[in-house]
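Visitor: A predicted structure for the sequence below; I have some questions about it.
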Amino acid sequence: MATGKKFDYRVSESNGNWSAEITRRASARNTVTTKAQDGFASEAEAVQWAENELKTIIENVRARQDAKR
């Protein structure tokens with residue numbers, strides 16, 4: 001069984017603005033951006049948004065998986 005993370009987040013800075021992306025591993029070689037937002041004033045704000053969105057996405061995925069069982 002694979003031990004890597006299916007979902008993760010990425011935070012980057014460009015011209016004084018911070019952006020955050022929620023990423024998903026589509027395959028061993030391909031990563032897809034699931035959700036993104038930019039315009040954060042600081043890295044801390046971007047990380048906080050990314051962690052909250054990641055938590056929400058993972059909860060939704062788990063709920064869908066449980067509903068299938």
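Guide: All right, it came through fine.

Visitor: ok, which stretches of this protein are strands?
Guide: 7-14, 17-25, 31-40 (DSSP state E).

Visitor: List just the one of the ones you listed that sits closest to residue 59.
Guide: strand 7-14 (11.2 Å; Cβ to Cβ). No exception for glycine: its C-beta is placed from N, CA and C like everyone else's.

Visitor: for the closest one, packing partners?
Guide: strand 17-25, helix 43-68 (3 or more Cβ pairs under 8 Å, 6 or more residues apart in numbering; DSSP states H and E).

Visitor: For those, please prepare TSV with the additional fields mean pLDDT, distance to residue 32 and mean neighbour count.
Guide: TSV is the format used below for those (pLDDT from 0 to 100; distance: least, Cβ to Cβ, whole Å; neighbours: other Cβ atoms under 10 Å):
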stretch	mean pLDDT	distance to residue 32	mean neighbour count
strand 17-25	96	5	18
helix 43-68	94	13	13
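
Visitor: can you put these in JSON lines and add distance to residue 6?
Guide: Shown next, in JSON lines, are these (distance: least, Cβ to Cβ, whole Å):
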{"stretch": "strand 17-25", "distance to residue 6": "6"}
{"stretch": "helix 43-68", "distance to residue 6": "8"}
